[in-house]
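K.L.:
Need coordinates for the below:
(chains A and B)
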Number of protein chains: 2
Amino acid sequence: MEAARGIADLGYKAILVEKRDRFGGTPDEAQYAALTPDLRNAEEAINEMIAAITDNPNVDIMNNTTITACEGEVGNFKVTANQNGKQVTIEAGAVIVATGFTHFDPGRETQKYGYYEHDDVITLVDAEKMLKAGNFVRPSNGEKPKRICFIQCVGSRDRQIGNEYCSKVCCGMSSKQAIEVRQHIPDCKVFIFYIDMRMYGYWENEIYWPAQEKHKVNYIKGMATEIIKKGDQLIVKGEDTTLRRPMEVPMDMVILAVGMEPSEGTKEMAKIFGLKQNKYNFIETTGGPLNTVATEVKGIFAAGACTGPADLEDTVSQAGSAAMKAIGAVRSVAVPA
Amino acid sequence: MEAARGIADLGYKAILVEKRDRFGGTPDEAQYAALTPDLRNAEEAINEMIAAITDNPNVDIMNNTTITACEGEVGNFKVTANQNGKQVTIEAGAVIVATGFTHFDPGRETQKYGYYEHDDVITLVDAEKMLKAGNFVRPSNGEKPKRICFIQCVGSRDRQIGNEYCSKVCCGMSSKQAIEVRQHIPDCKVFIFYIDMRMYGYWENEIYWPAQEKHKVNYIKGMATEIIKKGDQLIVKGEDTTLRRPMEVPMDMVILAVGMEPSEGTKEMAKIFGLKQNKYNFIETTGGPLNTVATEVKGIFAAGACTGPADLEDTVSQAGSAAMKAIGAVRSVAVPA
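P.N.:
Residues are numbered from 1 along each chain as shown, chains lettered A, B, ... in the order given. So this is what the prediction gives:
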């Protein structure tokens, strides 16, 4: 949406292809309550972005549309799509892929956290939905929790799973949710078990310090290895790395900070557009740190979490950069020097 | 440079004002050896960026030029500058401020690390210069070191100094240098003392894992509190947070991972263009995570480390976004709807 609006603002035509019947991607689908780091209402923010492209004479919106094939080259791509069951052809001088991520499924490879066994073991996504609904309760009994913990790096920094990368946003998102829980349920104790708190840049002073000092969130450097049920509580077993001793702590709810993986759409688009994927199946950008959106195919760009873990700042900045470069690419073949 | 090239590629005119006689900013001035995270030769990368704007018919280059005043509004700014002692007026529809950062001076507020006392206590910047020269030695005696350590968060995450923010890049840069030292001097033991290793996203698998596994860099969660001299060695005193005991370790060299602060130019431009600064004196962007380059003044944008700690990826993405939005702003007043 950001790239389409930018392209439209520059007087060029943007065709926005979306497989769902509405915009907003994963934050909409997963019903995010508030943005990280500024806790702005997510729905309001998404609606503002949608408003900027709706009834915009330079933006053609194609919902319920799936890309099925692409041929041609920069300046002259012919993209085949399926719109509501009907085959259509889209002509475009350049393509920006922005197919995002999916959340790691904590039950996929290993059941060590008991996500599908214990009702009160949930993910960041489940928690976000409850926070959005203003009803943060234990799924097992509908009561407000008195002790909850977040477990970081679920599906990230994990060789066993195959995801060695850090998912970048989960430390910030957990801390944001921890603050929200403390605000909604002041007598609930909130713990975060982490390896490193990756509160880079301003997230440090904007979220991490207030979470600790103002909102009394307890950060514990430790690894959780197992979650079992005991009576109506959960027992988190693991190691407190700082105290260097095993820990066994009772919790009413456990929130798994699940990381990012490439979405199905990202993997499909990589194949259709002939883009190189890295070992994690994200789309590989080819310009190193000095070009965050170029792919191996001239005229095709990638922005946001389809290229790897990305926060909102990364995503909108890359969208702007991709918009600029996409128009530049079209101009470079349309206007001979 | 990235924004200017992007604007030129879109067929608009960019005027690039630089106070120094050459481009490249802090990475050039501080003689960076290699980029983080890909270890690409920094000089080569900068020269490639310079080449893209040199002899570009859409880019006017003004070196040795300092902005002194600005009046007007979006679509019609009149910027006064001093070029080689001569006053000139620049007309511009929009302005992008990209005045970057300066490295924290580890002797400024506190002398706890003895930067100005001990020859063998250096900063990341000093180390980078030596790596670029291919001559990484102890300043005190010109010999190759056998034991060195990096101390993270010097001037960052530090309330006493007044910099609560995390500087975002120092963990990556230290790890990159640690790898380079291990490559140049295979029998040198390398330690990194850290609070949290902020190797977010792909920095985790691209630098952090190889640093530990392939290059045998030793990461120790610990706080250094004092550095003293003993014979011809340095003694780093502090606390090993994992082992939970005081540490006193001998080192041949200590490298202080100094953080980012706003450059003088950033503070001056904020005043001249009437831009709000945050409590750390970086330029405040006003769009939250969904707009990384807008400032309080319509038509004036900020990109890169002048807005706060930023890595190369952030900076070039923001430059692209700023280029797009700057042209959009000019068009919005020039072309009535």
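K.L.:
make it CA atoms for all contacts and neighbour counts henceforth
P.N.:
OK.
K.L.:
so where do the helices sit in chain A?
P.N.:
A:2-9, A:25-29, A:42-53, A:124-132, A:170-184, A:203, A:209-213, A:264-273, A:312-334 (DSSP state H).
K.L.:
Flag the shaky bits of the stretch 101-250 of chain A, pLDDT-wise.
P.N.:
A:109-110 (pLDDT under 70).
K.L.:
make it 80
P.N.:
Applying pLDDT under 80 to the stretch 101-250 of chain A flags the ranges A:108-112, A:242-244.
K.L.:
Contact residues of it facing chain B?
P.N.:
Applying CA under 8 Å from any CA of the partner chain, one finds that the stretch 101-250 of chain A approaches chain B through A:157, A:164-168, A:196-205, A:241-244.
K.L.:
one step back: of the helices of chain A, which is nearest residue B:277?
P.N.:
Nearest of the helices of chain A to residue B:277, taken as CA to CA: helix A:203 at 17.3 Å.
K.L.:
Not counting its own residues, what contacts that closest one?
P.N.:
Residues from elsewhere that reach helix A:203 (CA atoms under 8 Å, 6 or more residues apart in numbering or on different chains): A:37, A:172, B:165-166.
K.L.:
Most neighbours of all those residues, which one?
P.N.:
The most crowded member of these, judged by other CA atoms under 10 Å in any protein chain shown, is residue B:165 (27 neighbours).
K.L.:
Show me where the stretch 151-300 of chain A has its strands.
P.N.:
Here the stretch 151-300 of chain A has its strands, by DSSP state E, counting those that start in this stretch, at A:189-194, A:218-230, A:233-240, A:245-251, A:253-258, A:260-262, A:300-302.
K.L.:
These into JSON lines, with extra columns for mean neighbour count and distance to residue B:229?
P.N.:
Formatted as JSON lines, the strands of the stretch 151-300 of chain A follow (neighbours: other CA atoms under 10 Å in any protein chain shown; distance: least, CA to CA, whole Å):
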{"stretch": "strand A:189-194", "mean neighbour count": "22", "distance to residue B:229": "36"}
{"stretch": "strand A:218-230", "mean neighbour count": "18", "distance to residue B:229": "33"}
{"stretch": "strand A:233-240", "mean neighbour count": "19", "distance to residue B:229": "35"}
{"stretch": "strand A:245-251", "mean neighbour count": "16", "distance to residue B:229": "35"}
{"stretch": "strand A:253-258", "mean neighbour count": "27", "distance to residue B:229": "45"}
{"stretch": "strand A:260-262", "mean neighbour count": "25", "distance to residue B:229": "47"}
{"stretch": "strand A:300-302", "mean neighbour count": "26", "distance to residue B:229": "52"}
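K.L.:
could I get the ones you listed as TSV with distance to residue A:152?
P.N.:
Shown next, in TSV, are the strands of the stretch 151-300 of chain A (distance: least, CA to CA, whole Å):
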stretch	distance to residue A:152
strand A:189-194	5
strand A:218-230	9
strand A:233-240	13
strand A:245-251	16
strand A:253-258	5
strand A:260-262	12
strand A:300-302	28
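K.L.:
Help me confirm that residue A:235 comes into contact with residue A:251.
P.N.:
Yes. In this structure residue A:235 lies within contact range of residue A:251 using CA atoms under 8 Å: 6.1 Å.
K.L.:
if we can go back for a sec, closest one of the contacts of helix A:203 to residue B:44?
P.N.:
Set against residue B:44, the nearest of the contacts of helix A:203 by CA to CA is residue B:166 (28.7 Å).
K.L.:
Of the helices of chain A, give the one that comes closest to residue B:18.
P.N.:
With CA to CA as the criterion, residue B:18 lies closest to helix A:312-334 of the helices of chain A, at 22.4 Å.
K.L.:
May I have the distance across stretch A:298-314, first residue to last?
P.N.:
One end of stretch A:298-314 to the other measures 22 Å (CA to CA, to the nearest Å).
K.L.:
That one and chain B, any residue contact?
P.N.:
Yes. Using CA under 8 Å from any CA, stretch A:298-314 reaches chain B at A:308-310, A:312-314.
K.L.:
Out of the residues you listed, which is nearest to residue A:82?
P.N.:
Nearest to residue A:82 among the residues of stretch A:298-314 next to chain B, counting by CA to CA, is residue A:308 at 26.7 Å.
K.L.:
Against residue B:199, how distant is the closest residue to the closest one other than its chain neighbours?
P.N.:
Closest residue to residue A:308 apart from its sequence neighbours, by CA to CA, 6 or more residues apart in numbering or on different chains: residue A:282 at 5.7 Å. Distance of residue A:282 to residue B:199, given as CA to CA: 18 Å.
K.L.:
The two - which one has more neighbours?
P.N.:
Neighbour totals were compared for residue A:282 and residue B:199, and residue B:199 leads with 26 against 23 (other CA under 10 Å).
K.L.:
ok now do the more buried one, which residues does it touch?
P.N.:
Per CA under 8 Å, 6+ apart, neighbours of residue B:199: A:166, A:198, B:171-172, B:207-208.
K.L.:
My read is that residue A:46 contacts residue A:25, right?
P.N.:
No. With contact defined as CA under 8 Å, residue A:46 and residue A:25 do not form a contacting pair (9.5 Å).
K.L.:
rewinding a little: just the buried residues of the residues of stretch A:298-314 next to chain B.
P.N.:
A:308-310, A:312-314 (16 or more other CA atoms under 10 Å in any protein chain shown).
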